[in-house]
Each structure stands twice: as C-alpha cells, then as structure tokens.
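**Student:** all I have is the shape, not the residue letters:
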C-alpha cells in the first residue's frame, strides 16, 4: 500500500481489552474522524471492525508493524485504549509466543535482555512514545475526545460510607498513592485500616479476588487512584460493571476512585448495580482525604 498524505482527520487506535476502546472509537466516529484501528490479538473486541474506518489485528509486541501501518495510512496521531494483560509477558517463552518484530526487539533490549532499564509501566511506555515520535506519530490522550468518561467528584450511590469506611478510604488512599508513586499498581483493598491486598502486575480484579480470599468476613473497601505522575495517555484507572461484579463475588462493599482521573464506563449501569446490591461508590479528590492536590 502506498503511503497516504497526512490528514488531521485520520487517527489511529491501538486497542486492548474491554469496552473502553469501543467507546473511544464511537466518540471519534461521531466527531468525523477516520479511525484506523490495530486490535491486540486475544485482547481487543472484534466489534471494533464495525465502528472503525479500518481494522486489523496486531500482535502484542509489534510496534514496528504498528508504526508502518499508521504511516502508510497518513496517520500522524494515535492513541492507546484498553487494558493489556501485562502478566502474559512474564509467562514461559512469552516473547516467542508473541513474536515481537525486529523494531520492538531493538527497543526493548535494554529492558528485557541487558537489564539496563527497569520494566515499570512508565519506563516502558516512555520508550514506546519516543519510538512513535521518532516517526512523526504523536500519541495522544483518548479522553480528550471523550471527557465525559472521567468521573466527576461526589457520592455516586444512594448509600455513602460509614465513619469506619471513610477512615478506610483515607487510609487506603494514602497507600494507593504511594504504590502509584512507585509505579507498582493503582488499587489497594483495606479493612479496619489494614491493607489486605495491593495490586501489582496482575491487575485490579485479581487484587480484589485475593482480598476476598484473605478476608472471609467481606465488607472491605477498594481504593483505586491515579498515580501522582499519571500520564493520561496510558493505563488510566478504569472501572465498570465488571469491577463491581468482582467486588460482589469477593465480598467488597465500598469503592473509592479518584475524580477527574478515573474512567467510568456505563455510569448508569454501574450505579444501578451498586444500588441494587447496597454497595458504596464515591469519587474524591486528593484534598478530600487530606493530601495535596496533584491536578495539573
């Protein structure tokens, strides 16, 4: 395929797991963009092909191929949306199964082979940003095109937290922010101002399930926040009905998230589910839990 001339109304999406890429693709379509989507194999929803101008499957570790795909279509702006199950990168023979292309191998040699750099999310994603920028492709913030997805501050459910649960939120918030500062994870589960479980590479749902196995009495609190240094282009905290289903199964009762920096998918369905099961959802700012604001 011959390269097309750059066009500001063409935009690329690298889509991972979940509804978030679908919602972003719909928003872009309504705004008149031609979306060229690369769906990560075993992650992306095939329904993206019905929404996007063009859709193609891509391996998890094929950034060189992605750059060529976008350049040939005149795309100079792209974005990442959706969850990537990073734990799969640590499986036996993971890199063989995912077949990284030559450019990706060269890019990640300092991380996975020579060990000159760490493998924290921020470090890896900065390398990806630089690689795309070197080819004239800017990675942008998906929620700039759908700002309504960012949850507003306030109590979302009919029930609010009790005094003891509010104390757990404040305690968990500090723990989660510190975990984020260290680029370990975004969520913690707490009860009686004690940490039950901390998210790492396994993701929020597995963190919640682990808390449930450790706290058979249930009624614990989950706090999910953005990192203090959160880059809104990547790995933005996201919740949906699935998050609450996992909490209900595990015995969680309260969910506290960060206002303005957490994506809330299908808000009405989320709130209705929580109200039916007498759960609590609150959206807070750092200042409401006694921390200095990190909003830029």
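**Tutor:** Nice, thanks for sending it over. Only a predicted model underlies this, so the values are computations on that prediction, with no experimental measurement involved.
**Student:** from now on I want contacts and neighbour counts done on CA atoms only, so please keep to that.
**Tutor:** OK.
**Student:** just the strands in the chain please.
**Tutor:** Taking DSSP state E as the test, the strands found in the chain are 10-15, 34-40, 54-58, 77-81, 138-139, 154-155, 187-191, 194-198, 220-224, 238-239, 252-258, 263-264, 280-284.
**Student:** residue 157 and residue 78, how far apart?
**Tutor:** In this view, residue 157 and residue 78 are 35 Å apart by CA to CA, to the nearest Å.
**Student:** these two: which has the busier surroundings?
**Tutor:** A count of neighbours by other CA atoms under 10 Å puts residue 78 above the other of residue 157 and residue 78, at 23 against 19.
**Student:** number of nearby residues for residue 214?
**Tutor:** Residue 214 has 12 nearby residues by other CA under 10 Å.
**Student:** how about residue 183?
**Tutor:** 18.
**Student:** report pLDDT for it.
**Tutor:** Looking at residue 183, its pLDDT is 84.
**Student:** contacting residues for it?
**Tutor:** Neighbour list for residue 183: 120-122, 227 [criterion: CA atoms under 8 Å, 6 or more residues apart in numbering].
**Student:** which of those residues count as buried?
**Tutor:** Among the contacts of residue 183, those classed as buried by 16 or more other CA atoms under 10 Å are 122, 227.
**Student:** make CSV out of the contacts of residue 183 and add pLDDT and distance to residue 24.
**Tutor:** Formatted as CSV, the contacts of residue 183 follow (pLDDT from 0 to 100; distance: CA to CA, whole Å):
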residue, pLDDT, distance to residue 24
120, 70, 26
121, 70, 22
122, 70, 22
227, 90, 22
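**Student:** what does stretch 249-263 contact?
**Tutor:** Residues from elsewhere that reach stretch 249-263 (CA under 8 Å, 6+ apart): 149-153, 161, 165, 169, 208-209, 211-213, 216-226, 232, 236-239, 247, 278-286.
**Student:** ends of it, how far apart?
**Tutor:** 22 Å.
**Student:** buried stuff in that stretch?
**Tutor:** Neighbour-count burial for stretch 249-263 flags 250-263 (criterion: 16+ other CA under 10 Å).
**Student:** of those residues, which is the nearest to residue 126?
**Tutor:** Minimum distance to residue 126 across these is 19.5 Å, recorded for residue 261 (CA to CA).
**Student:** for residue 46, see how far away that closest one is.
**Tutor:** Residue 261 is 27 Å from residue 46, by CA to CA.
**Student:** if we can go back for a sec, of the buried residues of stretch 249-263, just say which sits nearest to residue 53.
**Tutor:** Distances from residue 53 to those, taken by CA to CA, are shortest for residue 263, at 24.6 Å.
**Student:** quickly note the distance from that closest one to residue 160.
**Tutor:** On the measure of CA to CA, residue 263 and residue 160 end up 20 Å apart.
**Student:** residue ranges with poor pLDDT in this structure?
**Tutor:** For the chain, the stretches with pLDDT under 70 are 1-5, 7, 86-99, 111-114, 116-117, 119, 290-296.
**Student:** weed out the non-buried ones from the contacts of stretch 249-263.
**Tutor:** Buried, going by 16+ other CA under 10 Å: 149-152, 161, 165, 169, 208-209, 211-212, 218-226, 232, 236-239, 247, 279-286, out of the contacts of stretch 249-263.
**Student:** was I right to think residue 212 contacts residue 219?
**Tutor:** No: using CA atoms under 8 Å, residue 212 makes no contact with residue 219, being 9.3 Å away.
**Student:** how about the helices of the chain, start to end?
**Tutor:** Using DSSP state H, the helices of the chain run over 20-30, 48-51, 63-72, 94-98, 102-108, 121-133, 163-181, 204-214, 241-250, 267-276.
**Student:** quick one: closest of the ones you listed to residue 42.
**Tutor:** Among those, helix 94-98 sits nearest to residue 42 (CA to CA), with 10.7 Å.
**Student:** JSON lines please, covering the strands of the chain and showing distance to residue 131.
**Tutor:** Below are those laid out as JSON lines (distance: least, CA to CA, whole Å):
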{"stretch": "strand 10-15", "distance to residue 131": "15"}
{"stretch": "strand 34-40", "distance to residue 131": "17"}
{"stretch": "strand 54-58", "distance to residue 131": "17"}
{"stretch": "strand 77-81", "distance to residue 131": "13"}
{"stretch": "strand 138-139", "distance to residue 131": "10"}
{"stretch": "strand 154-155", "distance to residue 131": "39"}
{"stretch": "strand 187-191", "distance to residue 131": "29"}
{"stretch": "strand 194-198", "distance to residue 131": "32"}
{"stretch": "strand 220-224", "distance to residue 131": "30"}
{"stretch": "strand 238-239", "distance to residue 131": "26"}
{"stretch": "strand 252-258", "distance to residue 131": "31"}
{"stretch": "strand 263-264", "distance to residue 131": "27"}
{"stretch": "strand 280-284", "distance to residue 131": "35"}
